[in-house]
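>>> Turn this into a structure:
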Amino acid sequence: MGSSLAAEDPITFIVNELKAGRKTIVVPPGVYKVTPKAKEGRVFLTLENLEKVTIDLTGVEFRGTEPGTVFEIRDCVDLTIKGLTIDFDPLPFTQARIVEIDQEKNWTVEIIDGYPNDFAFKKAVEFWPIQVYGKDSHELVNPMRYEDNVDILRVGQDTYRITGGKDRRGEVGDIAVFSISPKGHLRTSYSTCCTNLHFENITIYSSQGMAFYGEHNNRTVYRNCRIDRRPPEQDFAERGLRRLRSINHDGFHSRDANVGPQIIGCTARYQSDDCVNICGMYAMVSRVTGDELRILTHQPWKWEQLSGDSLQVMSFDGQCPPDVKTVRVTPDGGITQEEVAFVRSLPLWPGFHEREGTPFRHAFKVKIEHEIALAPGSVVISKSRGGNGFVIRDCTFGHIRSRGLLIKASGGVIKNNTIDACWSAGMQISPEYQWMEGGCSSDLEIIGNRLSGNRGGGISIYGRSGGGVSLPANSHRDIAIEGNEIRSPTPTGIHVSGCTGLAITGNALEVTGGDPSKAIALENVADVTQEDNTVGLLP
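Purely as a prediction, here's the structure:
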């Protein structure tokens, strides 16, 4: 009966096995069409309060027939999920050939056979990002047509007109690829408050949102997981052209982790956003009275747990004073209208205000060990909730519009990875005030990586305050960049700004621009060692 149910409804089978107290659950191999069980949240399978459980899905493919979150995982310890392939039918994006371009560079596009052509726009569907791939290369030639009243209008049975947008590059014959996902925060896997969560040999070929999103976790392990566009010979449908995209957003995204993720032997390529983002979330300083801060945050429960924690500080005018220790954290009501107006005046991502009015709904009173002077708009971040202790090793990333690695954590190892063809930096280590993602990094080992063809340069370490000021030398600390191979289509292969305790040794760089002195660019740095680096020039 159990195997029969598994063949018909593997998700119900897993739920029943868990209810029966099974610690190892094996789903028979096969392709299973699955739909969300929780319609309101579009969740396929919820896993809560599990300990030392293994769900073995080797040889199994879940093919979602509706958009949704495949796994929602909460408060689990030592949970392992392995062997699964995930795809969606219909796909969460479509592909269309540009057949006409007018003088204003508006496109007429025709949907390619085998891709979705039954969808509504504007209110119900998120079509970001609109991208263009070369007709012959099948690689990005326009990373994102966006903002500036960008719009898509149906003008025929298989024909659409794309207007507006800041970047209108594209030629007749090129392929426009755009999302057709429902608006909202859909992720293939969402996990929170888990310890030693393991994903092993998971392959994701399409997703409406991020592939793996975790918050408040403790050491999530991703081993041999793969995010990539599905090869034509393995596709389940005949199409007039192979898939050019994998998923619609980030690959691996970790937020507010107590111990950061361990990403080992993984692949993330051809998705629409960063391959890896490891960060914590800043809280906004609204007022300082002696040794007491009033902070604004969108997370009401997190800060009450942080009495006795250390906070990293970044002032609005670009200073990074020593860390401060909290003595007591207590709720301090909600955000005032004056604070809402102030937050709206800050250089934050506009989507914060469009979606939520303000990203800050809650206020806390934080007593610290000594007095400090900080202007409103300065930020603080927990030292214990930023993803420190992460590992990224033996991975392959790239062929995307954004960053291969976006790191804002400390105590990490980035070793023996290959990062190619990112339209931004291959590796960016930087807080981002506009996203309220921090913080500055320290104690990093960046060793033996290979970076090639990344249009924003190879390795870039920097940061800016809310006031737009480059951060001083005491921002990032103790970073080793050793034995990396960097082929950069820019004049600079390694850029570091705002760091004390920097070792750049044994790296081999090839850069463009004809001036080898620019291959390693340093500013606002102290205690620097440079040894045994070689520089060549690309044609």
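
>>> Count residues in the vicinity of Trp435, would you?
Applying other Cβ atoms under 10 Å, we find 18 residues neighbouring Trp435. Backbone N, C-alpha and C define where each C-beta goes, glycine included.

>>> nope, Lys135 is what I meant
Applying other Cβ under 10 Å, I find that Lys135 has 16 neighbouring residues.

>>> for it, helix, strand, or coil?
At Lys135 the chain is in coil, as set by DSSP: H, G, I helix; E, B strand; the rest coil.

>>> Same question for Phe13.
Three-state call for Phe13 (three-state DSSP): helix.

>>> Quick check, it in contact with Pro28.
No - between Phe13 and Pro28 there is no contact under Cβ atoms under 8 Å: 9.2 Å.

>>> neighbour-wise, which of the two wins?
Per other Cβ under 10 Å, whichever of Phe13 and Pro28 has more neighbours is Phe13, with 21 against 16.

>>> Find me the pLDDT at that one, would you?
With respect to pLDDT, Phe13 scores 96.

>>> Tell me how far it lies from Gly21.
15 Å (Cβ to Cβ, to the nearest Å).

>>> tell me how far the ends of stretch 286-297 are from each other?
Stretch 286-297 has an end-to-end distance of 10 Å (Cα to Cα, to the nearest Å).

>>> Repeat that for stretch 364-375.
By Cα to Cα, the extent of stretch 364-375 from end to end equals 17 Å.

>>> again with stretch 271-286
End-to-end span of stretch 271-286 (Cα to Cα): 37 Å.

>>> ok, now stretch 487-495?
Using Cα to Cα, one end of stretch 487-495 lies 14 Å from the other.

>>> Kindly report the same for stretch 502-517.
One end of stretch 502-517 sits 18 Å from the other (Cα to Cα).

>>> gap between it and the chain center?
Distance of stretch 502-517 from its chain centroid, counting by Cα atoms, centre = their mean, to the nearest Å, is 28 Å.

>>> so where's the stretch 201-350 of the chain uncertain?
300-301 (pLDDT under 70).

>>> at 90 what do you get?
By pLDDT under 90, the low-scoring segments of the stretch 201-350 of the chain are 298-309, 333-335, 337, 340-341, 343-344, 349-350.

>>> need the longest strand for the protein.
Using DSSP state E, we find that the single longest strand of the chain is strand 51-64.

>>> In that strand, which of the residues would be classed as buried?
For strand 51-64, burial by neighbour count (16 or more other Cβ atoms under 10 Å) applies to Val53, Thr54, Ile55, Asp56, Leu57, Val60, Glu61, Phe62, Arg63, Gly64.

>>> which residues touch the last one?
Meaning Gly64. Lys33, Val34, Thr35, Phe44, Val70, Ile86, Asp87, Phe88, Asp89 (Cβ atoms under 8 Å, 6 or more residues apart in numbering).

>>> So if we follow the domain assignment, how does this structure break up?
2-90+184-273, 93-179, 281-382, 390-537 (automatic domain parsing).

>>> so can I have JSON lines of the buried residues of strand 51-64 showing pLDDT and distance to Ile111?
Shown next, in JSON lines, are the buried residues of strand 51-64 (pLDDT from 0 to 100; distance: Cβ to Cβ, whole Å):
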{"residue": "Val53", "pLDDT": "98", "distance to Ile111": "43"}
{"residue": "Thr54", "pLDDT": "98", "distance to Ile111": "42"}
{"residue": "Ile55", "pLDDT": "98", "distance to Ile111": "37"}
{"residue": "Asp56", "pLDDT": "98", "distance to Ile111": "39"}
{"residue": "Leu57", "pLDDT": "98", "distance to Ile111": "33"}
{"residue": "Val60", "pLDDT": "98", "distance to Ile111": "31"}
{"residue": "Glu61", "pLDDT": "98", "distance to Ile111": "25"}
{"residue": "Phe62", "pLDDT": "98", "distance to Ile111": "26"}
{"residue": "Arg63", "pLDDT": "97", "distance to Ile111": "21"}
{"residue": "Gly64", "pLDDT": "96", "distance to Ile111": "21"}
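
>>> tell me the two of these that are most distant?
Taking Cβ to Cβ, the two most distant members of the buried residues of strand 51-64 are Val53 and Arg63; they sit 24.0 Å apart.

>>> how about the helices of the chain, start to end?
Along the chain, counting by DSSP state H, helices occupy 2-8, 10-19, 337-344, 350-356.

>>> list the buried ones in the third one?
Buried residues in helix 337-344, counting neighbours by 16+ other Cβ under 10 Å, are found at Glu339, Val340, Phe342, Val343.

>>> Please name the nearest non-neighbouring residue to the first one.
Computed as Cβ to Cβ, 6 or more residues apart in numbering, the closest residue to Glu339 that is not its neighbour in sequence is Ser286, at 5.5 Å.

>>> show me what contacts the nearest residue to His476 once chain neighbours are set aside?
Excluding the flanking residues, the one nearest His476 by Cβ to Cβ, 6+ apart is Cys499, at 4.1 Å. By Cβ under 8 Å, 6+ apart, the contact list for Cys499 reads Ile461, Ala473, Ser475, His476, Arg477, Ile479, Asn524, Val525, Ala526.

>>> Endpoints of stretch 242-261, how far apart?
Taking Cα to Cα as the measure, stretch 242-261 stretches 32 Å from start to finish.

>>> In that stretch, which residues are buried?
Using 16+ other Cβ under 10 Å as the test for burial, stretch 242-261 gives 243-261.

>>> what ranges of the stretch 51-200 of the chain fall below the confidence cut-off?
118-128, 147, 181-186.

>>> So Pro232 versus Arg239, what's the distance?
Taking Cβ to Cβ as the measure, Pro232 falls 7 Å from Arg239.

>>> Of those two, which one has the most company?
Remark: of Pro232 and Arg239, Arg239 carries more neighbours, 14 against 11, as counted by other Cβ under 10 Å.

>>> picking up where we left off before, mind giving me the PyMOL select for the contacts of Cys499, buried ones only?
Of the contacts of Cys499, the buried ones can be selected in PyMOL as follows, counting by 16+ other Cβ under 10 Å:
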select buried, resi 461+473+475+476+477+479+524+525
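
>>> could you dump the contacts of Cys499 to CSV with pLDDT?
Formatted as CSV, those follow (pLDDT from 0 to 100):
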residue, pLDDT
Ile461, 98
Ala473, 96
Ser475, 96
His476, 97
Arg477, 97
Ile479, 98
Asn524, 97
Val525, 98
Ala526, 98
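
>>> show me what contacts Pro347?
Tyr433, Gln434, Gly466, Gly468.

>>> actually Gly438, not the one I typed
Counted by Cβ under 8 Å, 6+ apart, Gly438 has contacts Cys279, Gly280, Met281, Tyr282, Gln312, Met314, Val379, Ile381, Gly386, Lys408, Pro431, Glu432.

>>> same deal with Lys82?
Lys82 touches Thr54, Ile55, Asp56, Leu57, Thr58, His198, Phe199, Glu200, Asn201, Ile202, counting by Cβ under 8 Å, 6+ apart.

>>> Could you dump those residues into TSV and include distance to Pro347?
Putting the contacts of Lys82 into TSV (distance: Cβ to Cβ, whole Å) gives the following:
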residue	distance to Pro347
Thr54	46
Ile55	44
Asp56	48
Leu57	44
Thr58	48
His198	39
Phe199	36
Glu200	41
Asn201	42
Ile202	37
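
>>> Tell me the one of those nearest Asp167?
Closest approach between these and Asp167, by Cβ to Cβ: Ile202, at 33.0 Å.

>>> Neighbours of the closest one, how many?
When counting by other Cβ under 10 Å, one arrives at 25 neighbours for Ile202.

>>> How about it: what's its closest non-neighbour residue?
On the basis of Cβ to Cβ, 6+ apart, the spatially nearest residue to Ile202 that is not a chain neighbour turns out to be Cys225, at 4.6 Å.

>>> if I read this right, Ala237 contacts Pro90, doesn't it?
No - under the criterion of Cβ under 8 Å, Ala237 is not in contact with Pro90, lying 9.2 Å apart.
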